[in-house]
Each structure stands twice: as structure tokens, then as C-alpha cells.
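1. With the input below, show me the fold.
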Amino acid sequence: MKKKKLWTLGVMFILVLSTILAACGSSDTKDAGSKDTSSGGDKASSGGPKILVYGRGGDSVALDPAIVTDGESFTVTANIYETLVNFGEKDVTIQPGLAKSWEPSEDGLTYTFHLQEGVKFHDGTDFNAEAVVKNFERWKAGADKHPYYSSQFVVGDKQVIESVTAKDDHTVVFKLSQPQAPFLKNLAMSPFAIASPTAFEANEEGLSANPVGTGPFKFVSWVRNDAITIEKNPDYYIDGLPKLDKVIYRSIPDNSARLNDLTAGNIDVADGLSPSDKSSIESNAKLQLIERPSMNVGYLGLTVTRPPFDNVKVRQAVNYAIDKQALVDAFYEGLAVPAKNPMPPVISGYNDDIKGYEYDPEKAKALLAEAGYDGKKIQLWAMPVPRPYMPDGKKIAEAIQKNLDDVGIKSEIVSFEWATYLEKAQKGEADAFLLGWTGDNGDADNFLYTLLDGDNIGSNNYTFYDNKELHKLLVAAQTEINEDKRNGFYKKAQEIISNDAPWVPLAHSTPILAANAKVTNYIAHPTGSDRLANVDMK
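-> Below is the predicted model of the structure:
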């Protein structure tokens, strides 16, 4: 039975409330203004506080990681909150986090975690086993408004996590209803960071604008569409960390303006840069280029419940109509490869035998004729912010518009503010929309099930695509421990998706960032959520 997910209504209410809270309750809003964001490196070099100013293309949606799906939110929350287990510094291997060790049972149905001791939340309360239990109870009880919990730990109407119990103050036992191959990888994902129960029991909605975790940085203030400020947690349980005193995340939507601010010294790190900026960054001795390992896909989604994309032949025609290689050549400057599957080649289970859809306008026209396409104009949604998988949504939309026009599909390009764009697309209001995904855990499940299974309609499945045969394969893959069998399920799943064509997979990119040369030990993580505890400034 298909789950009905109403969490977006809750998110929109939270956004309204958090805007009021951010405006009224910020403790130090001057830190978010231009006066304090102009010279992080200069302050560090003169012996003052080490302030890193981080320029990015868009604002966060909310600072409660359990309720969001966007990378701009996780960029910040990854430094305020922590998870039970961590990914490696440069990869998706599983390392200790708030849990210092763990043991799975032989049948894969029980996991026992031993927690770090002496850890406190930013509000001064203790992190312990009961806090872990309360977080999972919160997510489980409100699965409809916690999209990642429902997509990773609810299959149909079945709860994967049967129970979470505190054996003692520093031991937590998870009982699963079925084995889950990527269980530990799922727990390492940003949405499953542990928040202060005291905070969310007092005001769950308020956590969206006033986050309370155990991380190396504490929340200070948020001025919407301007800046989020976090500061060093003086009580952090790892000695010597963090090395920075403060981090200010500034929203600078224009790619060129963001790079200009970096060059001028107004910011210290800039992400979401245009691939065309690579050579100018490399030739500037005051800057350093940082490449993020590729684990993403940019795509054009086709909402299968809306005409004309309720017809599979129209969807296949659009796939043939788009010149992916031309898009990569024009907008990625050699920092991407054309995509043919919904997940990148670095993920285990990738099916390289799939031919995909080569650029063939004549075949597209023939399929449109077979489908009886009436020529009605569609809306083509362009992303308003640069993302790692798509450096310039507007320009890419314009190129796609020309491709579609060449085969007889007229389109109008529209866009919205980022949070609105996501919310409206998620409700199925788009005909065709540009979007993408950076892998959360390096597992095929996180791409195919999370993005394209019928269970996740209303969550991360924006196209409303629902194939029952595909669902059986993806659920079987979740419980299959044998890696070869598991990969076989995923390869078959990609064949079904390719034929049904709910997406036009466009590109797998290698995103670039740039930083002032004074910034040291900045490591761009494949998941896109960079931890800044070890970052320093000369």
C-alpha cells in the first residue's frame, strides 16, 4: 500500500515559524552582516579569532536535518549535529561517531552500539542512550514529515527498525524486522544526526531555526537568504577541535559574484562554482582549487502523472531529443560525463551494459508521432541555485528548451525560490523539472530506491514514478547480504528504469570549490556535506 507523505505541509509551517524565530530570536545577528564577513583570513593572520566565511549559492531550507532533503541545509547541519557512525574523512567507509564501537548479530537483525561518554548537547544536557532512543522514536512516530527516515527505514507499511532500547546509559540496542544491507551507511547520513531531546520535546518546530546538537560548532544566528553563523563549541569532547572560532555561511546566488567575493577576500571558501572558472582559480596564487569526488547525477525529471509525460513514448522521445554530450561540453568544461543511468558509475551495482538514449532527434519525432502528442506547450522548470550536479540551471534549461523545440515540443522556462521550487515539484506540480542528487552514503539503494521507488512518492521521488516490478527488486536488494546477488538486482532495476524513462539522466559531475590559500585541511567529501572541525587558517 502506497504511503501518503504529508511532511511538506509541516515543513512549510516550520519555515514560516522559523523565519519569525530567526528574525526575533537570533542571539548575535551582527555576525551575519557584511561588517563581520569581510576578512576571515586577515583576522586569523593578525592573531584574532579564526573566522571562516563560506560563500554558497543558496540558503538552507531548515536546520533540523530530519525534515529536509536539500544539500544546502546539510552543509550547515553536518557541523552542528553528529551521527552515531561517521563516514571516512574522504570516503564512505564507516567510522566511529557518537558510537565508539558496535556489534551486529550473525543474522543481521540486532546491532549493539557503545556510545561515547562525557558528551553534552549544546544546551548543556547529556548525550546518552536515552537521547538516541528518543530521536528514533521521534522520527518513527512522525515518519510522514521525516522524509529520509521514511525512505530509508520504512518499506511499504513495514518498519525496518522494530525497536531501539537503552541497555544502559551508554549502550543502545537496535532490533530490525529484516536485514538491511546498508544499515550502517544509512545511520551515517546527515538526516540521522542526534538532536537534543530537551530541545525538540520543548519545541519541535523551533529546532528548524534553533538547532541543538553535539557537534564541534554551535548555532548563533540566521538571517534568511543572507547568512548563517555558527561558532566554536568550547565543550566539544574531542580535544583541540574545532580549530576555527566561527563559520559564517553566506548566500551569494550568482556564481561570478561568489568568485569575485573570494578573489577580493570577502569570503574564504566558495562552492558551486562554474566549471569555466577552473583555469582562473588555478592561475591565482592567492587561491586554491578543491575538487569534490564525483558521486552525483543531474537529471531532467518528467512527472509521469501529468500529460504528456503520462505516456512512456513521450518520455522516451524527450530522452532521444536531448544532446547530453553538448550539455556537458558547453556547461561542465570537462568536469562531467554524460549520464545514462540514475546512479553514477562509482556506485557498486552500476549497469554499464545499458545503452541508454543516444541523441537522435528523428527517433524522438517518430516516437512523438506514435504517441499522438498534441503539441501543447509544457513548463520546463529551471533550478534557481547552482548545485554540484548542475552549475547553471537556467542556461542548461535554455539548451534543453532548444533541443525540445527542434523535435516539436514547445516549452516555457519557469523557476521559483529554492525552497518553493522543491516543495512544488515534490507535490507533482511540474511538467518537467531540473534537479539532481548527491549520494548520501555511496550505496545504490540511496539512488534507485530513494529517488525512484513508489514508496518515496511525496518524499524524494518527484516524478511520481511507480513500477511494481521495480519495487520488488529494490526491496529484495535491501535485504540481500550477498553483494553479487544484490548488484544483480540493481542492474535489472536500471534496465526497467531506462525503459520506463521517468528521467533524462544528464550528467555526473566533478564539482569544484575554491578557497583562499590561507585555508588549510579543507577536504571536500563525496556526499557534499563537508565537516569543518579540522579546517584551519594560516
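
2. How far off centre is stretch 120-136?
-> The chain centroid and the centroid of stretch 120-136 are separated by 25 Å, computed with C-alpha atoms, centre = their mean, to the nearest Å.

3. typo on my end, stretch 146-163
-> 19 Å.

4. Buried residues in that stretch, which are they?
-> By 16 or more other C-beta atoms under 10 Å, the buried positions in stretch 146-163 come out as 146-155, 159-161. (C-beta placed from N, C-alpha, C; glycine too.)

5. Quick check: end-to-end length of it?
-> 18 Å (C-alpha to C-alpha, to the nearest Å).

6. and if you look at stretch 296-314?
-> Stretch 296-314: ends 26 Å apart by C-alpha to C-alpha.

7. Likewise for stretch 50-70?
-> End residues of stretch 50-70 are separated by 28 Å (C-alpha to C-alpha).

8. and what of stretch 164-184?
-> 15 Å.

9. I'd like the average pLDDT over that stretch.
-> Here stretch 164-184 scores 97 as its mean pLDDT.

10. What residues of that stretch count as buried?
-> For stretch 164-184, by 16+ other C-beta under 10 Å, it's 164, 166, 170-174, 176, 179-184.

11. and of those residues, the nearest to Gly108?
-> For the buried residues of stretch 164-184, the residue nearest Gly108 by C-beta to C-beta is Pro179; the value is 3.6 Å.

12. So for Arg292, what's the nearest residue that isn't a sequence neighbour?
-> In this structure, Arg292 finds its nearest non-sequential neighbour in Ala524, 3.9 Å apart by C-beta to C-beta, 6 or more residues apart in numbering.

13. I'd say the one you found and Ser294 touch.
-> No - counting by C-beta atoms under 8 Å, Ser294 is not a contact partner of Ala524; they are 10.8 Å apart.

14. on that earlier part again, let me know the closest of the buried residues of stretch 164-184 to Leu302.
-> Nearest to Leu302 among the buried residues of stretch 164-184, with distances taken as C-beta to C-beta, is Pro182, at 27.6 Å.

15. so what sits against both of Ala524 and Ser294?
-> Pro511 (C-beta atoms under 8 Å, 6 or more residues apart in numbering).

16. Which one of those two is surrounded by more residues?
-> Ser294 (22 against 19; other C-beta atoms under 10 Å).

17. burial count for Glu398?
-> Neighbour number of Glu398 under other C-beta under 10 Å is 13.

18. before we move on, which element is the closest residue to Asp107 other than its chain neighbours in?
-> Using C-beta to C-beta, 6+ apart and skipping the chain neighbours, the partner closest in space to Asp107 is Pro179 (7.2 Å). Assessed by DSSP states H and E, Pro179 sits outside every helix and strand.

19. And Pro179, how far from Pro147?
-> 23 Å (C-beta to C-beta, to the nearest Å).

20. One more: Phe200?
-> In terms of C-beta to C-beta, Phe200 sits 17 Å off from Pro147.

21. Just confirm Lys472 is within a strand.
-> No - assessed with DSSP: H, G, I helix; E, B strand; the rest coil, Lys472 is helix; it does not lie in a strand.

22. Quick one: the helices in the stretch 1-150 of the chain, in order.
-> 7-25, 40-45, 71-77, 129-141, 147-153 (DSSP state H, counting those that start in this stretch).

23. ah, wrong one, I meant the stretch 251-400 of the chain
-> 255-264, 278-282, 312-321, 324-331, 361-371, 393-406.

24. which residues sit in contact with the residue nearest the centre of the chain?
-> Taking C-alpha atoms, centre = their mean, the centroid of the chain lies closest to Gly71, which sits 3.7 Å from it. For Gly71, the contact set (C-beta under 8 Å, 6+ apart) comprises Arg387, Pro388, Thr438, Gly528, Ser529.

25. what do you get if the cut-off is 6 Å, keeping everything else the same?
-> Applying C-beta atoms under 6 Å, 6 or more residues apart in numbering to Gly71 gives the contacts Gly528.

26. Give the burial count for Glu370, as a bare number.
-> 13.

27. do the same with Gly48
-> With other C-beta under 10 Å as criterion, Gly48 counts 12.

28. what are the phi and psi values for it?
-> phi -80, psi -170 (degrees, to the nearest 10).

29. mind checking how far it is from Glu201?
-> 39 Å.

30. cool, and Leu259?
-> Counting by C-beta to C-beta, the gap between Leu259 and Glu201 amounts to 44 Å.

31. And Asp352, by the same measure?
-> 49 Å.

32. next one: Asp157
-> 27 Å.

33. re earlier: gap between the residue nearest to the centre of the chain and Leu259?
-> 19 Å.

34. about what we covered before: do me a favour and get the backbone dihedrals for the residue nearest to Asp107.
-> The phi/psi pair for Pro179 (degrees, to the nearest 10) is phi -60, psi 150.

35. what's the answer for the one 5 residues further on, then?
-> Note on Leu184: backbone dihedrals following degrees, to the nearest 10 are phi -70, psi -40.

36. I'd say it and Gln95 touch.
-> No - checked against C-beta atoms under 6 Å, the pair Leu184 and Gln95 is beyond contact range at 10.2 Å.

37. Just the element for Phe200, please.
-> Assigned by DSSP H and E, Phe200 belongs to helix 197-202.

38. And the pLDDT at Lys340?
-> 98.

39. how many neighbours does it have?
-> Quick note: Lys340 (other C-beta under 10 Å) scores 20 neighbours.

40. What separation is there between the residue nearest to the centre of the chain and Arg292?
-> 11 Å.

41. Quick check: closest non-adjacent residue to Phe121.
-> Counting by C-beta to C-beta, 6+ apart, Phe121 lies nearest to Ser196, which is 3.9 Å off, once chain neighbours are set aside.

42. okay but the one you found is in contact with Val212, surely?
-> Yes - contact criterion C-beta under 6 Å: Ser196 and Val212 qualify, at 4.0 Å.

43. who touches both of those two?
-> Common neighbours of Ser196 and Val212 (C-beta under 6 Å, 6+ apart) are Phe121, Asp123.

44. CA atoms only for stretch 499-509, dumped as PDB, please.
-> C-alpha atoms of stretch 499-509 as PDB (Å, rounded to 0.1, in the frame of the first residue of the first chain):
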ATOM      1  CA  ASN A 499      12.900   1.600 -20.500                       C
ATOM      2  CA  ASP A 500      10.200   3.500 -18.500                       C
ATOM      3  CA  ALA A 501      12.200   6.700 -18.800                       C
ATOM      4  CA  PRO A 502      10.800   8.800 -15.900                       C
ATOM      5  CA  TRP A 503      14.100  10.800 -16.000                       C
ATOM      6  CA  VAL A 504      16.500  12.100 -18.600                       C
ATOM      7  CA  PRO A 505      19.800  11.400 -16.700                       C
ATOM      8  CA  LEU A 506      22.000  14.300 -17.900                       C
ATOM      9  CA  ALA A 507      25.500  14.300 -16.200                       C
ATOM     10  CA  HIS A 508      27.700  13.000 -13.500                       C
ATOM     11  CA  SER A 509      29.900  16.000 -12.500                       C
END
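
45. Run through who's touching it.
-> The contact list for stretch 499-509 (C-beta under 6 Å, 6+ apart) reads 294, 297-302, 304, 315-316, 318-319, 322, 324, 328, 332, 335-337, 339, 342, 344, 389, 463, 465.

46. again with stretch 315-330
-> With C-beta under 6 Å, 6+ apart, stretch 315-330 has contacts from 302, 309, 336, 338, 357, 359-360, 363-364, 367-368, 399-400, 403-404, 407, 501, 504, 506-507.

47. cool, stretch 520-538 as well?
-> 41, 44, 50, 71, 74, 78-79, 89, 190, 216, 241-244, 290, 292-293, 295, 388, 438, 440, 513, 515, 518-519.

48. Of the residues you listed, grab the buried ones for ChimeraX.
-> Selection of the buried residues among the contacts of stretch 520-538 in ChimeraX, burial being defined by 16+ other C-beta under 10 Å:
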select :41,44,50,71,74,78,79,190,216,241,242,243,244,290,292,295,388,438,440,513,515,518,519
